[in-house]
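Peer 1: Take a look and give me a structure for this.
(2 chains)
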Amino acid sequence: MNGVKAGFRGFAQYLGALVGADAYRKYLEHHAASGHDGPPLSEREFWRDRTDRQDNNPQGRCC
Amino acid sequence: MGKKYEGESPNTLSEDLLEGDPALPATAVNEAREAEDAKWTPAKIGLWVGIALLGGVAWFMLAIVRGETVNAIWFVFASVCTYLIGYRFYSKVIERYITRPNDRRATPAEYKADGKDYVRTDRNVLFGHHFAAIAGAGPLVGPVIAAQMGYLPGTIWIIIGVVLAGAVQDYLVLFFSMRRGGRSLGQMAREELGVIGGTAALVATLLIMVIIVAILALVVVNALGESPWGVFSVGMTIPIALFMGVYLRFIRPGKVLEVSIIGFVLLMAAIIGGGAVAGTEWGAAFFHLDKVTIAWGLIVYGFIAAILPVWLLLAPRDYLSTFMKIGVIVMLALAIIVVRPEITVPAFSEFASRDNGPVFSGALFPFLFVTIACGALSGFHALIASGTTPKLIEKERQTRLIGYGGMLMESFVAIMALVAAISIDRGLYFAMNSPAALTGGTVETAAAWVNSLGLSGVNLTPDFLAQAAANVGEESIVSRTGGAPTLAVGLAHIMQQFIGGTSMMAFWYHFAIMFEALFILTAVDAGTRVARFMLQDSIGNFVPKFKEASWRPGAWLCTAVMVGAWGAVLLMGVTDPLGGINTLFPLFGIANQLLAAIALAVCMAIAAKRGSFKYIWIVAAPLAFAAVVTITASFHKIFSPVPAVGYFANNAAFSKALEDGKTSFGTAKTVTAMEAVVRNTTVQGWLSVIFVTLSIIVIITAVRATVKAFRNAASGIPNKDHEDQASASRVYAPAGLIPTPSERALMAEWNKLPADKRLERSGHH
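Peer 2: So this is what the prediction gives:
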């Protein structure tokens, strides 16, 4: 049963990572590791910034 | 990596001087240990002999054995075994002689790390991410249309083409762009080919995007025209996406998985609800729209969607489309393996040796090779492989898995689409995919017309067509061209044997239409945005104000221009009396593969500058093939005297008919329709001329750059390369899906490091 649970969790994590759901966590890791002076963006600010930057930097989707 | 190659560039030499941090374990596997791992053991030899044998038997069953039927499982075995062999052996050759990745070198995700755009991403996640970005409706539609010629030509081209051409292109573009910090194809073309080649590549890319977006939109319009159920459920994706966007922005930011599940449930409700709504009188009346109205709706929608902020519509729909994509593909693969449908379509159909097929016109060579673009060789991928993916790669050697392997996956999708399309009745296939001008549009005329084709084993009755339409919950499925409805019927046909039986067919049909529409709407929206930025950038060279992305009037004007351009082509296709798909789909394939030729030409010039002369054929061969196919196809379209094939021949025939005062000619029944044909063929013909001219310019400049690189190397002059400065990597990750023993050993060393040392430290500048 635990194995099934772990497998399911791993699958959900993979799916989440696929669409970038873990982007904020990775940003925090980067922020902590690279020695910035200021505090990191809050989760809300981070996601706003992320989608707003895509407005000016569109990514193609293929046919 | 210590080995020297002739004409090696200075930057490659500097790689050998890269000093890793002595406090860290190695950042690349030890080559001696790796070679030890790669030794051939009897078990490994047995495994690969087994794969080769199974693949061989499968190809034998498909290509040589001529039974009454062939089981679909052989398609799965033939393709998967060929992919495995191509991946294990051919992509390794490319790695060894062309790309020569070096894991001691940091990738852009490491040396440019910013926690936002440049982020090291786990290879398996990135594989899925890249796959979701490259695979869309293309591989689902092309093989369906190409099934007109029988199953074998398409199958061979999809499987062999991807191994020798499509996956090679994706891999090389990804690798070279990664070495340049994630630069775009256009920028690389300019650097490597100079101003003329670079400008031609840019203009060609822009025009090609217009054509591709227009024809994808045409596929959606054809699938939704006169289909209240389809219009309702696809229309509902807009409010669903808006809700998801607002949820993510204001209610629970960052909860992507959660909102995607909510969105998915709503989507299913929209499909089921669509059946109920289309069943009511008001619903059937309100959502019953003709194709021209839907086309206009799509144009207006395209403009609004492209100027709305990304968070509101594009991003949430992209989440939905990614989940649907992965889900549907896994489901279809499972269903084909479980159901194993028997295929009655012949290997080569009656149309394989003719050039006047009703689904698409033109002879097998070259038109089969342009009709199936995505899935075998798709130039559009070069734009993705030089976009987001190179900025996320963790280690250089992973590019083989992601670039080459990702494209093999898309090819597999194309094979499954082909299987789904040929698993339906052959007569039904032709009734659905031939333009209304030929079938007459009703079940009686369509059945009579299909039977008059004299296809072996086909005996279609009007009742059968009516029943097939009723099963999938549509009023009629006669002349539903574009490939998407046929695939949906095929998918429903296979899935109902897997889950739910006939009563579920309507659901599966609309489920398939929905996911194709989702991919396409996302591609239309994203394509319009990308094209608009390219246009803004180009105009910005003359009027600097246009370069400011936040300047609203410029952005809106450029969006309007791009939407106007693809909208015009879309309307042309929708109103074409000859049936838009029949005439326009070849243009789509030609455009896509001319882009592939451009991408391969750029790759060839880069490979030559890196000194890979002996193995340049790895790039030159697919480039030559793509160039010959697309240039021949373009010349047919421009110069062919057969009106069904040549745009200008058709134009002349209709112009003459108008001059002679005729009021109906061929499939055009009115003077207005005849004038439309004259107008459309002029536009299509000139577009062909422009495409082929631009591509020839790019190919010539690339060949010149290649020859020059070769001469320089021969006379000892170093070739200038445009790679970013090499810097030492400070991280490690395995290259392939499954780590080798030596990779595992190295990973264990890294895992022993204290956590604070494992994270990148040099990231911020």
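
Peer 1: Which residue comes closest to residue B:436 once chain neighbours are left out?
Peer 2: residue B:479 (4.1 Å; C-beta to C-beta, 6 or more residues apart in numbering or on different chains). Every residue, glycine included, has its C-beta placed from N, CA and C.

Peer 1: nope, residue B:157 is what I was after
Peer 2: residue B:376 (5.3 Å).

Peer 1: That neighbour contacts residue B:158, doesn't it?
Peer 2: Yes: when contacts are counted by C-beta atoms under 8 Å, residue B:376 is listed as touching residue B:158 (4.9 Å).

Peer 1: Overlap in contacts, the two.
Peer 2: Shared contacts of residue B:376 and residue B:158, defined by C-beta atoms under 8 Å, 6 or more residues apart in numbering or on different chains, comprise B:411, B:414.

Peer 1: Can you verify my assumption that the residue nearest to residue B:436 contacts residue B:446?
Peer 2: Yes: between residue B:479 and residue B:446 there is a contact at 7.2 Å, judged by C-beta under 8 Å.

Peer 1: quick one, which of the two is more surrounded?
Peer 2: residue B:446 (27 against 24; other C-beta atoms under 10 Å in any protein chain shown).

Peer 1: Okay, that one and residue B:465: tell me how far apart.
Peer 2: Using C-beta to C-beta, to the nearest Å, we find residue B:446 at a distance of 6 Å from residue B:465.

Peer 1: Report the set of residues contacting both of these two.
Peer 2: Counting by C-beta under 8 Å, 6+ apart, the shared contacts of residue B:446 and residue B:465 are B:431, B:478.

Peer 1: wait, what's in contact with residue B:724?
Peer 2: B:108, B:111, B:179-181.

Peer 1: for the residue nearest to residue B:157, what are its contacts?
Peer 2: Residue B:376 touches B:157-158, B:161-162, B:165-166, B:369, B:411, B:414, counting by C-beta under 8 Å, 6+ apart.

Peer 1: Give me the subset of those residues lying in helices.
Peer 2: Secondary structure assignment (DSSP state H) places B:157-158, B:161, B:369, B:411, B:414 from the contacts of residue B:376 within helices.

Peer 1: so which of these comes closest to chain A?
Peer 2: Checking those against chain A by C-beta to the nearest C-beta gives residue B:414 as the nearest, at 12.0 Å.

Peer 1: isn't the closest one right up against residue B:158?
Peer 2: Yes: using C-beta under 8 Å, residue B:414 is in contact with residue B:158, at 4.9 Å.

Peer 1: Can you pull the residues that touch both of the two?
Peer 2: Shared contacts of residue B:414 and residue B:158 (C-beta under 8 Å, 6+ apart): B:143, B:372, B:375-376.

Peer 1: Now that we have those, which of them are buried?
Peer 2: B:143, B:372, B:375-376 (16 or more other C-beta atoms under 10 Å in any protein chain shown).

Peer 1: quick one: which two of these are the most distant?
Peer 2: Using C-beta to C-beta, the pair of those lying farthest apart is B:143 and B:376, separated by 8.9 Å.

Peer 1: Now for those two: what residues contact both?
Peer 2: Common neighbours of residue B:143 and residue B:376, using C-beta under 8 Å, 6+ apart, are B:158, B:414.

Peer 1: about what we covered before: next, give phi and psi for the residue nearest to residue B:157.
Peer 2: phi -120, psi -50 (degrees, to the nearest 10).

Peer 1: Okay, it and chain A: tell me how far apart.
Peer 2: Relative to chain A, residue B:376 is positioned 13 Å away (C-beta to the nearest C-beta, to the nearest Å).

Peer 1: Who has more neighbours out of residue B:414 and residue B:158?
Peer 2: Under the criterion of other C-beta under 10 Å, the comparison of residue B:414 against residue B:158 puts residue B:414 first, with 33 against 30.

Peer 1: got a list of what the nearest residue to that one once chain neighbours are set aside touches?
Peer 2: The shortest distance from residue B:414 to any non-neighbouring residue, by C-beta to C-beta, 6+ apart, is to residue B:375 (2.6 Å). Counting by C-beta under 8 Å, 6+ apart, residue B:375 touches B:138-139, B:142-143, B:158, B:162, B:166, B:410-411, B:413-415, B:417.

Peer 1: Read off the pLDDT value for the residue nearest the centre of chain A.
Peer 2: Centroid-nearest residue in chain A, with C-alpha atoms, centre = their mean: residue A:23, separated by 1.2 Å. In this model, residue A:23 is scored at 91, pLDDT.

Peer 1: Can you report how many residues lie near the closest residue to residue B:371 other than its chain neighbours?
Peer 2: Of all residues not flanking residue B:371 in the chain, residue B:146 sits nearest, at 4.5 Å (C-beta to C-beta, 6+ apart). Neighbourhood size, residue B:146 [other C-beta under 10 Å]: 33.

Peer 1: what's around residue B:750, how many residues?
Peer 2: 16.

Peer 1: Would you check how far apart it and residue B:28 are?
Peer 2: Taken as C-beta to C-beta, the span from residue B:750 to residue B:28 is 12 Å.

Peer 1: Residue B:433 is in contact with residue B:148, correct?
Peer 2: Yes: the pair residue B:148 / residue B:433 is scored as a contact, 7.2 Å apart, by C-beta under 8 Å.

Peer 1: dump the residue contacts of the closest residue to residue B:477 other than its chain neighbours.
Peer 2: Computed as C-beta to C-beta, 6+ apart, the closest residue to residue B:477 that is not its neighbour in sequence is residue B:469, at 4.5 Å. For residue B:469, the contacting residues are B:443, B:475-478, by C-beta under 8 Å, 6+ apart.

Peer 1: next structured bit after the strand or helix carrying residue B:469?
Peer 2: Element membership of residue B:469 [criterion: DSSP states H and E] is helix B:462-471. Going down the chain from helix B:462-471, the next helix or strand is helix B:484-498, by DSSP H and E.

Peer 1: The helix or strand just after that next one packs against which elements?
Peer 2: As assigned by DSSP H and E, the chain's next helix or strand after helix B:484-498 is helix B:505-540. Counting contacts by 3 or more C-beta pairs under 8 Å, 6 or more residues apart in numbering or on different chains; DSSP states H and E, helix B:505-540 packs against helix B:185-224, helix B:228-246, helix B:256-279, helix B:291-307, helix B:314-339, helix B:484-498, helix B:552-575.
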